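**Q** make a model of this:
(2 chains)
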Protein chains: 2
Amino acid sequence: MPGLSNKADQMPASPIRKLVPYAEAAKQRGVTVYHLNIGQPDIETPKVVRDTLKTKDIKVIEYSHSAGFASYREGLAQYYAGFGINLSAEEIMITTGGSEALIFAFQSCFNPGDELIIPEPFYANYNGFATTANVSVKPVTASISNGFALPKIEDFEALITEKTKGILICNPGNPTGYLYSKEELEQLRDLVKKHDLFLFADEVYREFCYDGAKPFSALQLEGIDENVVLVDSVSKRYSMCGARIGALISKNKELMAAALKFGQARLSPPTLGQIAGEAALKTPQSYFDDVIEEYVERRNILVDGLNEIDGVICPKPSGAFYAIAQLPIDDADNFCQWRLEDFSHINQTIMLAPATGFYANKSLGKQQVRLAYVLNSEALRNSVECLKEALKIYPGLLKNNQVASEYQP
Amino acid sequence: MPGLSNKADQMPASPIRKLVPYAEAAKQRGVTVYHLNIGQPDIETPKVVRDTLKTKDIKVIEYSHSAGFASYREGLAQYYAGFGINLSAEEIMITTGGSEALIFAFQSCFNPGDELIIPEPFYANYNGFATTANVSVKPVTASISNGFALPKIEDFEALITEKTKGILICNPGNPTGYLYSKEELEQLRDLVKKHDLFLFADEVYREFCYDGAKPFSALQLEGIDENVVLVDSVSKRYSMCGARIGALISKNKELMAAALKFGQARLSPPTLGQIAGEAALKTPQSYFDDVIEEYVERRNILVDGLNEIDGVICPKPSGAFYAIAQLPIDDADNFCQWRLEDFSHINQTIMLAPATGFYANKSLGKQQVRLAYVLNSEALRNSVECLKEALKIYPGLLKNNQVASEYQP
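**A** Below you'll find the model as predicted:
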């Protein structure tokens, strides 16, 4: 049998999905499993999208232009104009999800071994895209003690070598829910400018900002037009993750020309998803108002509930729909598996993502889990109860239920 | 401005799409352009697919499993059983088009610099996928004189080095339309077995075999279960290129496990496309009978018409919907551009793909073009007339309208 590639070994298995067999076994035993482990919202896709798919008469499901429908790209330019971001259709390329946008960006910018700095904890699949494109990830660690604010800019600068080609941020953040301020982004801008790096910004949770907070986009940073590479997606915005439609956006013409060549090789992004994405641009503001109200209520139930449990700390996120909680446990991976294998409370349990998968530094995140609040309020209340009960009897509890952390919620 | 990657330079621009601006200019001048340059069929997508998309009530367009819907994979296993191919659902992974299947296969099997042998002329985007995955392509040249039959097996063997990891074939072939016989495939099987190589088989045109010819799949080759990696797609089969649904298929468990990790990083293949693909499995045989009858008529109009032109030779393909013609011209790229820029016949012209883009060997294909017969009969008759007229006045005609070739149609 011929051997596989080194990458076949190096590719990380999904930290979120590896517990799936245990969850399936629990369900087979009749246990209700609350899935707080994955960012698949239960919110309905906007009616305008579903109606469009039902009424559109498509005789032939054809390829589109490799950069996506021109009309959709023009529509997206209008969408960004609503955020004060001035873009032409040529600065926008439609991709197969935000995933493909990041892969095209990495393939276009990095030679094998080039380095990318990412504040950790970060979205686990960044590791997979980096491995795919032979990019070396250098983490700079954010702290739960300040809610995962941007690490000190000196910590970034200390990691810069001659191989460093860029910095990647997710804002608002998955898995932290932290929303970077304009000031934090301007610090990054200055650093990126000083060292002539790319700034990759994953802003797929833009609409999900709470308590009056407004998102500030990397595209609004002045003076680094050639450096900023934006990754976007319809997945969370319109609760249509399965459409697999994203966008790669940059004012750097050479980069966009290179990315288009990768796009031409794969012919076109999904046509049906693009029809859905273009229709979604007509989603009324009331949809977002309702969704945000719902997420704020859920966040409060979850985060307030968690912080009432002895020894648990959970910063209240300003954006996205994730939270990271620190728990008085020995090992998050064991704890997450144990809850599915050996625990239930009134025949219910919860599935969470161990935070270890979101840290590049293998010694970190062992007492942390990521929770996605993509379930309704009642399910979230039950989930908090389950976690509370689990933390009474889990064999690997830390002594005195105390977490070694300077964080004060 | 930060520099781009070496790959950004090395990625080939699409040879098929690079003439698009000239075609657009011709249309602006009021010239009708017959597009024989791209494999986008005009055949309607099956009614069962269109009806399913219109009637299916999808509240949330969700992610699927990273390997695709289980029900769809089981349905595909049934589909292959109809060809005498025994597969389980676990041996099938749904991908975002055949393109992604090939990229996952390359990423899983090749280390940077490893070599892949491909009979040329070959589908131009194989170059793009190879560049993406740092694979080095080694062409073995097929000849128009025998209709692009499999080159001598010794020609393959002569290229094998310690870096050779596999052989890639497209069967029936794009761009040649050649259908490899069982005997030819068994020669490849023996070679692959002898040197323990992967055999990548792109069989997306399986249904399009003419004149009673039956396709023989690489999966039917005995004794190389661990070596065969099949790439499939719904794009051409059901005339739904825009669905972006393909499949990676192998009985090699390690390979499928590695490919799934790449699949998990990108989360899932398109959900709407999968709904279309699963519905397409119910396409009645009468649809294929009608489509094949239509393609045979078109092929005959095109190929017979071409062979009647002085100095033109065009082997009659047994499969797919492409033909390669050798023309009495100096340079196919110039000729293809000239027809769009400086030529029209009764205000009509044709757009063809220069064959140079389908050869890795840069000195080959200069007198050849690829024609896709994806237009109706009348358009094809007009196209032949256009080509005939163009070959009367093109400034770069070869002397005596003769082609240096031993081929006898």
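**Q** hey, let's count contacts and neighbours off CA atoms from now on
**A** OK.
**Q** got the residues of the stretch 201-350 of chain A near chain B?
**A** When proximity is defined as Cα under 8 Å from any Cα of the partner chain, the stretch 201-350 of chain A approaches chain B at A:226-227, A:239-244, A:255, A:258-259, A:261-262, A:264-266, A:268-273.
**Q** buried stuff in the top helix by length along chain A?
**A** For chain A, the longest helix by residue count, based on DSSP state H, is helix A:285-307. Buried residues in helix A:285-307, counting neighbours by 16 or more other Cα atoms under 10 Å in any protein chain shown, are found at A:288, A:291-292, A:295-296, A:298-307.
**Q** helices and strands around the following helix or strand past that helix, which ones?
**A** Downstream of helix A:285-307, the first helix or strand assigned by DSSP states H and E is strand A:322-326. Using 3 or more Cα pairs under 8 Å, 6 or more residues apart in numbering or on different chains; DSSP states H and E, the elements in contact with strand A:322-326 are strand A:368-372.
**Q** got the angle between the strand it packs on and strand A:322-326?
**A** If you take axes from the mean of the first three to the mean of the last three Cα atoms, to 10 degrees, strand A:368-372 sits at 150 degrees to strand A:322-326.
**Q** who touches strand A:368-372?
**A** Strand A:368-372 is contacted from outside by A:36-39, A:175-176, A:321-327, A:332, A:352-356, using Cα atoms under 8 Å, 6 or more residues apart in numbering or on different chains.
**Q** at 6 Å instead, please
**A** Outside strand A:368-372, the residues within contact range by Cα atoms under 6 Å, 6 or more residues apart in numbering or on different chains are A:36-37, A:39, A:321-327, A:352-355.
**Q** in the following helix or strand past it, what's buried?
**A** Reading on from strand A:368-372 to the C-terminus, the next helix or strand found by DSSP H and E is helix A:377-393. For helix A:377-393, burial by neighbour count (16+ other Cα under 10 Å) applies to A:377, A:379-391.
**Q** one more: stretch A:168-181?
**A** Here stretch A:168-181 shows A:168-181 as buried, counting by 16+ other Cα under 10 Å.
**Q** tell me which two of those residues sit farthest apart.
**A** A:175 and A:181 (17.0 Å; Cα to Cα).
**Q** still on that earlier bit, and the buried residues of helix A:285-307, which is closest to chain B?
**A** Set against chain B, the nearest of the buried residues of helix A:285-307 by Cα to the nearest Cα is residue A:291 (13.8 Å).
**Q** let me know the pLDDT of that closest one.
**A** Looking at residue A:291, its pLDDT is 96.
**Q** now what about the helix or strand that contains residue A:275, what contacts it?
**A** Assessed by DSSP H and E, residue A:275 sits inside helix A:271-280. Applying Cα under 6 Å, 6+ apart, the contact partners of helix A:271-280 are A:49, A:72, A:243, B:242.
**Q** could you measure from the first one over to residue A:248?
**A** Which is residue A:49. Distance of residue A:49 to residue A:248, given as Cα to Cα, to the nearest Å: 22 Å.
**Q** now the second one
**A** Remark: distance between residue A:72 and residue A:248 (Cα to Cα) = 13 Å.
**Q** more neighbours: the two, which one.
**A** residue A:248 (29 against 20; other Cα atoms under 10 Å in any protein chain shown).
**Q** pLDDT at the more buried one, what is it?
**A** pLDDT at residue A:248 comes out at 98.
**Q** try the one 10 residues further on
**A** Here the pLDDT value assigned to residue A:258 is 97.
**Q** that one against residue B:9, yeah?
**A** No: the criterion here is Cα atoms under 6 Å, and residue A:258 misses it with residue B:9 at 7.3 Å.
**Q** who has more neighbours, these two?
**A** residue A:258 (24 against 13).
**Q** now chain A, which segments are flagged as low pLDDT?
**A** A:16, A:400-409 (pLDDT under 70).
**Q** now the spatially most central residue of it, what's its secondary structure?
**A** Taking Cα atoms, centre = their mean, the centroid of chain A lies closest to residue A:174, which sits 3.7 Å from it. Secondary structure state of residue A:174, per DSSP: H, G, I helix; E, B strand; the rest coil, is coil.
**Q** could you do residue A:119 as well?
**A** strand.
**Q** can you check residue A:77 too?
**A** Counting by three-state DSSP, the backbone at residue A:77 sits in helix.
**Q** and the closest residue to it other than its chain neighbours, how far is that from residue A:192?
**A** Nearest residue to residue A:77 in three dimensions, chain neighbours excluded: residue A:87, at 5.5 Å (Cα to Cα, 6 or more residues apart in numbering or on different chains). From residue A:87 across to residue A:192, the span is 21 Å (Cα to Cα).
**Q** before we move on, what about residue A:205?
**A** Taking Cα to Cα, one finds residue A:205 at 23 Å from residue A:192.
**Q** so between those two, which is more surrounded?
**A** residue A:205 (24 against 21).
**Q** show me what contacts that one?
**A** Contacts for residue A:205 (Cα under 6 Å, 6+ apart) come out as A:172, A:320.
**Q** what secondary structure does it sit in?
**A** coil.
**Q** so residue A:247 sits in a strand?
**A** Yes: when three-state DSSP is applied, residue A:247 is found to be in a strand.
**Q** tally of neighbours for the residue nearest to it when sequence neighbours are not counted?
**A** Leaving out its chain neighbours, the residue that sits closest to residue A:247 by Cα to Cα, 6+ apart is residue A:94, at 4.4 Å. Counted with other Cα under 10 Å, residues neighbouring residue A:94 total 31.
**Q** now residue A:94: how far from residue B:313?
**A** From residue A:94 to residue B:313 the distance is 41 Å (Cα to Cα).
**Q** ditto for residue A:301
**A** 74 Å.
**Q** for residue A:17, same thing?
**A** Residue A:17 is 55 Å from residue B:313, by Cα to Cα.
**Q** so these two - more neighbours on which side?
**A** residue B:313 (25 against 16).
**Q** write down the beta-bridge partners of that one, one by one.
**A** With DSSP bridges as the criterion, residue B:313 is bridged to residue B:326.
**Q** neighbours of the residue nearest to residue A:77, how many?
**A** Neighbours around residue A:87, by other Cα under 10 Å: 20.
**Q** wasn't it part of a strand?
**A** No: under three-state DSSP, residue A:87 sits outside any strand and is assigned coil.
**Q** isn't residue A:89 up against residue A:74?
**A** Yes: in this structure residue A:89 lies within contact range of residue A:74 using Cα under 6 Å: 5.1 Å.
**Q** and the angle for the longest helix of chain A with strand A:368-372?
**A** Using the same axes, to 10 degrees, helix A:285-307 lies at 150 degrees relative to strand A:368-372.
**Q** dump helix A:285-307 to PDB, restricted to CA.
**A** Backbone C-alpha positions of helix A:285-307 (Å, rounded to 0.1, in the frame of the first residue of the first chain) are rendered in PDB as follows:
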ATOM      1  CA  GLN A 285     -33.400  44.600  10.100                       C
ATOM      2  CA  SER A 286     -36.100  43.200  12.300                       C
ATOM      3  CA  TYR A 287     -34.700  39.700  11.700                       C
ATOM      4  CA  PHE A 288     -31.400  40.800  13.200                       C
ATOM      5  CA  ASP A 289     -33.100  42.700  16.000                       C
ATOM      6  CA  ASP A 290     -35.000  39.600  17.000                       C
ATOM      7  CA  VAL A 291     -32.000  37.300  16.700                       C
ATOM      8  CA  ILE A 292     -29.800  39.600  18.800                       C
ATOM      9  CA  GLU A 293     -32.400  39.900  21.500                       C
ATOM     10  CA  GLU A 294     -32.600  36.100  21.500                       C
ATOM     11  CA  TYR A 295     -28.800  35.700  21.800                       C
ATOM     12  CA  VAL A 296     -28.500  38.300  24.600                       C
ATOM     13  CA  GLU A 297     -31.100  36.400  26.600                       C
ATOM     14  CA  ARG A 298     -29.400  33.100  26.000                       C
ATOM     15  CA  ARG A 299     -26.000  34.500  26.800                       C
ATOM     16  CA  ASN A 300     -27.300  35.900  30.100                       C
ATOM     17  CA  ILE A 301     -28.900  32.700  31.100                       C
ATOM     18  CA  LEU A 302     -25.800  30.700  30.300                       C
ATOM     19  CA  VAL A 303     -23.100  33.000  31.500                       C
ATOM     20  CA  ASP A 304     -24.900  34.200  34.600                       C
ATOM     21  CA  GLY A 305     -25.800  30.700  35.400                       C
ATOM     22  CA  LEU A 306     -22.200  29.500  35.000                       C
ATOM     23  CA  ASN A 307     -20.800  32.200  37.200                       C
END
